[in-house]
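**Student:** pasting the structure only:
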C-alpha cells in the first residue's frame with residue numbers, strides 16, 4: 001500500500017536515490033517504483049562465502065509520512081532462511097529499532113541488510129529454527145539456507161517480461177535510468193503540491 005509522503009520527505013528520498021544511483025553499492029541493485037517512492041525495492045545479491053551466495057533477494061523498504069523521524073519497515077519479498085527474517089519476510093535489525101537516527105538513510109539501511117546475510121545475529125531472532133541451527137549446528141544451518149536460496153532465489157528478479165532489473169551492480173546505466181525515471185515522476189508530484197501554495201502567496 002502506497003503512502004502519501006510530505007513534500008520535504010519526497011525531496012529527501014529523491015536526493016538519496018540520486019546519490020545511490022551515482023555511487024557503487026556492491027551487490028545491491030536499486031529497483032525504485034516509478035509511481036510510488038514510499039516503497040523502495042532493491043535486489044541484494046547473496047554475498048560470496050555465505051549460504052546465500054548466488055541468490056537474488058528482493059528487499060523492500062516501506063516509508064511512512066513521518067520518515068526520517070520514524071524508521072522505515074524492512075521486508076524480504078524473496079523467501080529466505082535466516083535467523084533475523086520472519087517467515088513473512090519481516091527483517092529484525094537494530095538499525096531500524098533502538099539504533100535508528102534521522103541521520104541514517106536508505107543507503108545505510110540497504111548495506112545493513114546485506115551485512116545481515118554475512119553475519120546473522122542469533123540473539124535477535126525472528127526465525128527460531130534458523131536461530132537454533134545457527135547456534136547448534138552451523139553446517140545444517142548452511143544446508144537449509146542454501147536449499148532455500150536454490151529454490152526461491154536462484155533466478156534473477158524480473159520486473160516485466162523483457163526487463164531484467166536485478167542485473168550485476170556493474171551495470172550502472174540501468175540503475176541510473178530507473179532512478180532518473182522515478183525522480184522525474186516524483187519531482188512532478190512535488191511541483192504539483194507546491195503549485196497551490198505559490199498561488200496563495202500571490203493573492
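**Tutor:** Yep, that arrived. None of these values were measured; they are calculated from a predicted model.
**Student:** Next one: the closest residue to residue 73 other than its chain neighbours relative to residue 110, how far apart?
**Tutor:** Leaving aside its chain neighbours, residue 73 sits nearest to residue 62 (4.5 Å; criterion: C-beta to C-beta, 6 or more residues apart in numbering). Any C-beta I mention is one placed from the backbone N, CA and C, and that applies to glycine too. Counting by C-beta to C-beta, to the nearest Å, the separation of residue 62 from residue 110 is 14 Å.
**Student:** between these two, which one's more packed in?
**Tutor:** Taking neighbours as other C-beta atoms under 10 Å, residue 62 and residue 110 compare with residue 110 leading, 21 against 15.
**Student:** Off-centre distance for the helix or strand hosting that one?
**Tutor:** For residue 110, the host element (DSSP states H and E) is helix 106-118. Averaging C-alpha positions (C-alpha atoms, centre = their mean, to the nearest Å) puts helix 106-118 8 Å from its chain's average.
**Student:** need the contact list for the residue nearest to residue 73.
**Tutor:** Under the criterion of C-beta atoms under 8 Å, 6 or more residues apart in numbering, the contact partners of residue 62 comprise 3, 38-39, 72-75.
**Student:** Mind giving me the packing neighbours of the helix or strand that the helix holding residue 110 is followed by?
**Tutor:** Per DSSP H and E, helix 106-118 leads on to helix 128-136 as the next helix or strand towards the C-terminus. Counting by 3 or more C-beta pairs under 8 Å, 6 or more residues apart in numbering; DSSP states H and E, the packing neighbours recorded for helix 128-136 are helix 138-152.
**Student:** Drop anything exposed from the contacts of residue 62.
**Tutor:** Buried by 16 or more other C-beta atoms under 10 Å: 38-39, 72, 74-75, out of the contacts of residue 62.
**Student:** hey, which helix or strand in the chain has the poorest pLDDT?
**Tutor:** Considering only helices and strands, the least confidently modelled element of the chain by mean pLDDT, DSSP states H and E is strand 163-164, at a mean of 40.
**Student:** returning to that earlier point: ok and the helix holding residue 110 relative to helix 138-152, angle-wise?
**Tutor:** Taking axes from the mean of the first three to the mean of the last three C-alpha atoms, to 10 degrees, helix 106-118 and helix 138-152 form an angle of 120 degrees between their directions.
**Student:** what is the rounded mean pLDDT of helix 106-118?
**Tutor:** Taken as a whole, helix 106-118 carries a mean pLDDT of 96.
**Student:** what packs against that helix?
**Tutor:** helix 7-22, strand 28-32, strand 39-45, strand 56-62.
**Student:** quick one: low-confidence parts of this protein?
**Tutor:** Within the chain, the set of residues satisfying pLDDT under 70 comprises 1-3, 32-34, 159-203.
**Student:** can you do 90?
**Tutor:** Applying pLDDT under 90 to the chain flags the ranges 1-5, 20-25, 30-37, 95, 97-98, 122-124, 157-203.
**Student:** From residue 81, how far out is residue 44?
**Tutor:** Spatial separation of residue 44 from residue 81 under the definition C-beta to C-beta is 15 Å.
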